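**Q** Give me a model of this one.
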Amino acid sequence: MELASRKRLMVFSGSGNEPLAEEVADILGVRLGGVERSIFANGEIYVHYTESVRGADTFVIQSHTHPINFHIMEQLIMIDALMRASAKRITAVVPFYGYARQDKKGRPREPISARLMGDLFLQAGADRIVSLDLHTGQIQGFVDAPFDHLTAIRLFADYVEDTLQGPTTIVSPDAGRVKLASRFAAHLDARVAFVHKRRAADVRNEMSTLWVVGDVEDRHCIIIDDMVDTAGTVVGAAELLKERGALSVRVIATHGVLSPPAVDRLKNAPIDELVITNSLPVPDDASHLDSLTVLSIGPILAGAMNAIFADASVSEIFQGENI
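**A** Numbers count the residues shown, from 1 in each chain. As a prediction, this is how the structure comes out:
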């Protein structure tokens with residue numbers, strides 16, 4: 001007996017960011033796969049796929065949003081269920097990768113939680129991971145499986161080219177983001193500066209800005225980072241840039257985590273515009289920010305997923321910038 005091989009693409013969504021998953025599925029020309037999700041009385045997560053996944057090339061889209069540990073566990077359980085239902089290949093699509101900031105030991109007796117995350121995905125049954133603008137690219141090396149690291153840098157560059165005119169400086173909020181700022185500046189023929197800051201080693205989400213290095217006076221300044229969490233870093237940098245004579249200050253970040261008290265800080269900050277993507281749902285209180293602009297990464301994810309399904313090159317889509 002001879003059977004003709006056929007490939008079947010199936011896309012499933014966790015509860016973390018269903019509108020994004022629906023957009024991706026629509027671009028790919030498929031519907032979201034049927035999945036029943038519920039929670040037991042004691043908080044345990046239950047998942048059941050309502051259609052056969054045997055032999056399918058499956059993608060599980062889940063943003064690790066608040067409550068982050070719940071959404072991570074939900075995705076792991078969805079992957080485990082696919083593996084046990086004989087899916088041919090399982091790709092975990094993680095627009096925002098939880099615990100990515102814990103990628104190294106900064107003090108004795110600390111975990112490397114970003115590595116643990118990769119181990120959990122593989123143990124659950126994932127064959128491949130796709131994520132966007134990781135906190136550090138080295139996280140790819142924590143996983144003994146293909147890990148596609150996508151980037152929204154071109155999306156942001158196109159937006160800035162269409163909306164901003166005049167002398168521009170791309171500002172890294174710390175020394176660790178200078179490489180990212182330089183890559184972004186190359187798209188816009190802009191200058192680069194960075195903010196030197198000191199962060200307390202024993203306190204999370206607190207920092208003190210010291211000074212800015214680079215030409216920012218009488219220039220439009222764009223602070224670029226991978227995420228805005230409590231907004232302490234970008235607000236401190238924006239205030240410093242204004243003191244140094246910047247014409248305007250904008251903040252660009254792929255992931256708008258916007259944990260409290262981010263919205264309160266941003267309301268009173270000298271920031272003309274905050275540009276993020278829909279990699280995470282926008283918190284209700286942040287949706288009313290006049291300065292907020294949200295760009296869609298749906299086409300980016302869909303393009304990468306289509307390339308994976310077709311066994312084509314993902315890096316060609318990004319012209320080698322997805323490193």
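**Q** When you work out contacts or count neighbours from here on, use the C-alpha atoms and nothing else.
**A** Noted.
**Q** Scan this protein for its longest helix.
**A** helix 68-84 (DSSP state H).
**Q** Tell me the buried residues in that helix?
**A** Buried residues in helix 68-84, counting neighbours by 16 or more other C-alpha atoms under 10 Å, are found at 70-83.
**Q** what's the closest of those residues to Val30?
**A** Among the buried residues of helix 68-84, Leu82 lies closest to Val30 (C-alpha to C-alpha), at 18.2 Å.
**Q** give the contact list for the closest one.
**A** Contact analysis of Leu82 by C-alpha atoms under 8 Å, 6 or more residues apart in numbering lists Val53, Ile90, Gly125.
**Q** Could you tell me how far Val53 is located from Gly14?
**A** Per C-alpha to C-alpha, to the nearest Å, Val53 is found 16 Å from Gly14.
**Q** now do Phe318
**A** Distance, Phe318 to Gly14, by C-alpha to C-alpha: 26 Å.
**Q** And His187, by the same measure?
**A** Distance check for His187 against Gly14: by C-alpha to C-alpha, it reads 34 Å.
**Q** Just send the contacts of Leu82 back as JSON lines, with secondary structure, neighbour count and pLDDT too.
**A** Output for these, formatted as JSON lines (DSSP: H, G, I helix; E, B strand; the rest coil; neighbours: other C-alpha atoms under 10 Å; pLDDT from 0 to 100):
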{"residue": "Val53", "secondary structure": "coil", "neighbour count": "21", "pLDDT": "97"}
{"residue": "Ile90", "secondary structure": "strand", "neighbour count": "22", "pLDDT": "98"}
{"residue": "Gly125", "secondary structure": "coil", "neighbour count": "22", "pLDDT": "98"}
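**Q** What is the nearest of those to Asp133?
**A** Asp133 lies nearest to Ile90 out of the contacts of Leu82, by C-alpha to C-alpha, at 21.1 Å.
**Q** In contact with the closest one, which residues are there?
**A** Here Ile90 is in contact with Asp57, Thr58, Phe59, Val60, Ile79, Leu82, Met83, Gly125, Ala126, Asp127, Arg128 (C-alpha under 8 Å, 6+ apart).
**Q** The third one belongs to a strand, doesn't it?
**A** Yes: residue state for Phe59 (DSSP: H, G, I helix; E, B strand; the rest coil) corresponds to a strand.
**Q** ok, Pro299 - contacts?
**A** Contact partners of Pro299, counting by C-alpha under 8 Å, 6+ apart, are Val24, Ile27.
**Q** Give me the pLDDT value at it.
**A** In this model, Pro299 is scored at 97, pLDDT.
**Q** the inter-axis angle of the helix or strand containing it versus strand 57-61?
**A** When elements are assigned from DSSP states H and E, Pro299 belongs to helix 298-309. For helix 298-309 against strand 57-61, the angle by axes from the mean of the first three to the mean of the last three C-alpha atoms, to 10 degrees is 150 degrees.
**Q** so how far is the first residue of stretch 130-149 from its last?
**A** OK, stretch 130-149 end separation, C-alpha to C-alpha: 6 Å.
**Q** contacting residues around that stretch?
**A** Here stretch 130-149 makes contact (C-alpha under 8 Å, 6+ apart) with 91-97, 100-101, 103, 114-115, 118-119, 122, 127-129, 150-152, 226, 254, 314, 322-323.
**Q** picking that back up, I'd like to know which of the buried residues of helix 68-84 is nearest to Val35.
**A** For the buried residues of helix 68-84, the nearest to Val35 is Met78 (8.9 Å; C-alpha to C-alpha).
**Q** looking at it, the closest one is touching Val47, isn't it?
**A** Yes: if you go by C-alpha atoms under 8 Å, Met78 and Val47 touch, sitting 6.3 Å apart.
**Q** Identify the residue spatially nearest to Lys267, adjacent ones excluded.
**A** In this structure, Lys267 finds its nearest non-sequential neighbour in Leu289, 7.1 Å apart by C-alpha to C-alpha, 6 or more residues apart in numbering.
**Q** per-residue confidence for Ser86?
**A** We have a pLDDT of 97 for Ser86.
**Q** nope, Ser5 is what I meant
**A** Looking at Ser5, its pLDDT stands at 63.
**Q** Check Ala310 too.
**A** 95.
**Q** do Leu164 as well
**A** 95.
**Q** Report how many residues lie close to it.
**A** For Leu164, the neighbour count with other C-alpha atoms under 10 Å is 10.
**Q** Tell me how far it lies from His220.
**A** To His220, Leu164 is 9 Å away according to C-alpha to C-alpha.
**Q** how about the strands of the protein, start to end?
**A** Assigned by DSSP state E, the strands in the chain fall at 9-13, 35-39, 45-49, 57-61, 89-94, 128-132, 147-150, 168-172, 191-199, 207-213, 220-228, 248-256, 273-277, 292-295.
**Q** mind listing what the closest residue to Ala185 other than its chain neighbours touches?
**A** Computed as C-alpha to C-alpha, 6+ apart, the closest residue to Ala185 that is not its neighbour in sequence is Ile170, at 5.9 Å. Residues near Ile170 by C-alpha under 8 Å, 6+ apart: Ala181, Ser182, Phe184, Ala185, Ala190, Arg191, Val192, Ala193, Cys221, Ile222, Ile223, Ile224.
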